[in-house]
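>>> next input, structure requested:
(one chain, ligands or ions: 1)
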Amino acid sequence: MKVVEGITREGGVLALGGVALDRVLPALRRLEPSAAACWVYDLDQVEARAARFKSAFAPLGVHVGYALKANALPAILRRARAVGLAAEAGSLGELIAARREGFGAQERILNGNGRTQDEAEFAAREGVHSVNADHVEELDLLQAHAARAGTVLRVALRVNPGIDTHGHAYVATGHDAAKFGVAPAEALGAWAARDRWPSLRLDGVHLHVGSQLLDPGPLERAADTARELAEESARRGAPLGLVNLGGGFGVDYSGSGAEFPLEAYAARLARKMEALKAEWVMEPGRWLVASTGVLLAEVLWVKRRGGATAGGSRRFVVLAAGMNDLIRPALYGARHRIVPVRPRAGAGEPATVVGPVCESADVFEREALLPPLERGDLVALLDAGAYGAVMSSNYNGRGRLAEVTVSGGRLMRARAGEDAAAVGAREVDEALEI
Ligand code: LLP
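Numbering: from 1, shown residues only. Okay, here's the model as predicted:
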């Protein structure tokens, strides 16, 4: 029985990529004896989604840069690369990760609104497809490094188009109060004055208006803005050759079937943009990987507590994973469906599903309807493949969890978990000369 794409129930047990999820932690415990939770990703599903994304936008010839910030696990990068995706890096660390996994210069796109000397130097020395500059002064820094390296850097200016996505404020990036990008008029001014930066090929526009968009409307408005800017810049004698529309493609966390209409949007975009002869780039992150991963966790405790005042009792289910592992619910009020791996018989009843961190925000779901659960049972938090492990921390002295991959029915430990001793490994006592 299919639960979601790639997740099935076989003989009553939840399975990912054909592997029963109750077999993962026992296997992991041979290497990490105290593991009680871990991330599991279906690599075949990553590859299938990457191929689907690429082919949807093939008519426009889009260069698809996978946004590493969603999940930069090397095993995932290899699958993205295998189907011809490029890499979008938001930092020096991600650029290095992309290079390590074999993404060549033309397959690396550099983003970020706090450009550093190190990033500019890397881009100029090692080469990138393009840099998305977040403001006009950054161009001087890029120019200096490109000139020193004797190269020409291709640059797109990130434009803040003043488009509101009506999503969560923390992931809306294209409105007036957001920190990203330059005003359209500033971008037009910079493109027209591009001779000032002789070592830059400043012919691109970059727009990324937000994340987790299920309605393609804001993305289409961003594309319209890109086209209008390209036309206006051409009228001013500075034609553009590169249009980067960023990421933002949402996924259906609720399970209601409200998918982002990828193919329909791609077809509309191709029709709309026919007249604009440019190289196209997109930077999807979440859409490619969110649904391919779960956070698997044991139930540590089930606590029933009567109200301090009158009223019924509440069931708290304490998991071995917490907000330090998956912060999305605490940070954005995001919901990840919680599914028992081997459900016990019995009627569903409400449960508040929490982690073990000493914070009241450490709640995954306040009113989940779940069958009976007991200590040692397993649950999976779905759609945890994007912005999950990458946002985890050592808060409360907790080690980050292992990451396991599934492919062709085989399990691999792709990133080791940190045990309690490893959490203190960076602590030193070293004199600093002043
Ligand atoms: N390009 C740029 C410039 C970005 O800033 C981002 C994401 C992407 C592409 C990829 O966006 P996507 O296709 O994944 O929506 N931590 C949040 C999401 C933050 C997104 C940051 N930027 C979350 O867990 O929902």
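
>>> distance check, V13 against V24.
Using C-beta to C-beta, to the nearest Å, V13 is found at 11 Å from V24. For every residue, glycine as well, the C-beta is placed using N, CA and C.

>>> more neighbours: which of the two?
V24 (24 against 17; other C-beta atoms under 10 Å).

>>> show me which residues of the stretch 201-350 of the chain are close to the ligand?
Listed as neighbours of the ligand in the stretch 201-350 of the chain under the rule C-beta under 6 Å from any ligand atom: 208, 211-212, 246-249, 283-287, 328, 332.

>>> from those residues, pick the one nearest A389.
R328 (11.5 Å; C-beta to C-beta).

>>> leaving out sequence neighbours, find the closest residue to the closest one.
A334 (3.9 Å; C-beta to C-beta, 6 or more residues apart in numbering).

>>> tell me the SS of the one you found?
Of the three states, A334 takes coil according to DSSP: H, G, I helix; E, B strand; the rest coil.

>>> what does it show for phi and psi?
phi -70, psi 150 (degrees, to the nearest 10).

>>> need the residues of the stretch 201-350 of the chain next to the ligand in a markdown table with distance to I109 and neighbour count, can you?
Putting these into a markdown table (distance: C-beta to C-beta, whole Å; neighbours: other C-beta atoms under 10 Å) gives the following:
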| residue | distance to I109 | neighbour count |
| --- | --- | --- |
| H208 | 11 | 25 |
| S211 | 17 | 25 |
| Q212 | 21 | 23 |
| G246 | 10 | 27 |
| G247 | 11 | 27 |
| G248 | 15 | 30 |
| F249 | 16 | 25 |
| E283 | 7 | 28 |
| P284 | 12 | 27 |
| G285 | 12 | 25 |
| R286 | 17 | 26 |
| W287 | 17 | 25 |
| R328 | 25 | 20 |
| Y332 | 25 | 16 |
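
>>> would you mind listing the buried residues in stretch 211-228?
For stretch 211-228, burial by neighbour count (16 or more other C-beta atoms under 10 Å) applies to 211-214, 216, 218-223, 225-227.

>>> what's the answer for stretch 186-199, then?
187-188, 190-191, 194, 197, 199.

>>> can you name the two of these that sit furthest apart?
L188 and S199 (21.3 Å).

>>> please name the residues that touch the residue of the stretch 101-250 of the chain found nearest the ligand.
With C-beta to the nearest ligand atom, the shortest gap between the stretch 101-250 of the chain and the ligand falls at G247, namely 2.5 Å. By C-beta atoms under 8 Å, 6 or more residues apart in numbering, G247 lies in contact with 67, 88, 208, 211, 282-287.

>>> if we use 6 Å, what do you get?
By C-beta atoms under 6 Å, 6 or more residues apart in numbering, the contact list for G247 reads 67, 283-285.

>>> all helices of the stretch 51-200 of the chain, in order?
74-82, 92-100, 117-126, 138-149, 184-192 (DSSP state H, counting those that start in this stretch).

>>> ok, which of those helices comes nearest R304?
That would be helix 74-82 among these, by C-beta to C-beta, at 39.8 Å.

>>> and the closest one, what does it pack against?
Helix 74-82 is packed against helix 43-56, with contacts defined by 3 or more C-beta pairs under 6 Å, 6 or more residues apart in numbering; DSSP states H and E.

>>> please name every helix or strand in contact with the helix it packs on.
Using 3+ C-beta pairs under 6 Å, 6+ apart, helix 43-56 sits against helix 74-82, helix 262-272, helix 286-289, strand 403-407.

>>> let's see 8 Å
strand 63-67, helix 74-82, helix 262-272, helix 286-289, strand 403-407 (3 or more C-beta pairs under 8 Å, 6 or more residues apart in numbering; DSSP states H and E).

>>> for that helix, which residues meet the burial criterion?
43-51, 53-54, 56.

>>> just the closest of those to the ligand, please.
Closest to the ligand, out of all of the buried residues of helix 43-56 and judged by C-beta to the nearest ligand atom, is F53, at 10.1 Å.

>>> can you list the residues of the stretch 1-150 of the chain near the ligand?
67, 69-70, 88, 111.

>>> quick check: V40 is in a strand.
Yes. When three-state DSSP is applied, V40 is found to be in a strand.

>>> quick one: the helices in the stretch 301-434 of the chain, in order.
According to DSSP H, counting those that start in this stretch, the helices that the stretch 301-434 of the chain contains are 328-332, 420-423.

>>> buried sites along the lowest-mean-pLDDT helix or strand in the chain?
The helix or strand of the chain with the lowest confidence, counting by mean pLDDT, DSSP states H and E, is strand 2-4 at a mean of 71. Within strand 2-4, the residues scored as buried using 16+ other C-beta under 10 Å are 3-4.

>>> ok, now stretch 67-75?
67-73, 75.

>>> center of the chain, which residue is that?
A70 (2.0 Å; C-alpha atoms, centre = their mean).

>>> for it, what are its contacts?
A70 touches 285-286, 288-290, 385-387, 390, counting by C-beta under 8 Å, 6+ apart.

>>> can you tell me which two in these are farthest apart?
Every pair of those checked by C-beta to C-beta; the farthest is L288 and V390, at 13.4 Å.

>>> of these two, which one has the most company?
L288 (31 against 14).

>>> N113 contacts F180, correct?
Yes. N113 is within contact range of F180, at 5.6 Å (criterion: C-beta atoms under 8 Å).

>>> what residues are shared contacts of those two?
134, 158.

>>> out of those two, which sits in the busier spot?
Between N113 and F180, counted using other C-beta under 10 Å, F180 has the larger neighbour count: 21 against 16.

>>> report the buried residues of the longest strand along the chain.
Scanning the chain for the longest strand, with DSSP state E as the assignment, gives strand 293-306. Neighbour counts over strand 293-306 (16+ other C-beta under 10 Å) mark 293-300 as buried.

>>> if we can go back for a sec, point out the most buried one among the helices of the stretch 301-434 of the chain.
Most buried of the helices of the stretch 301-434 of the chain, by mean neighbour count (mean count of other C-beta atoms under 10 Å): helix 328-332, with a mean of 18.
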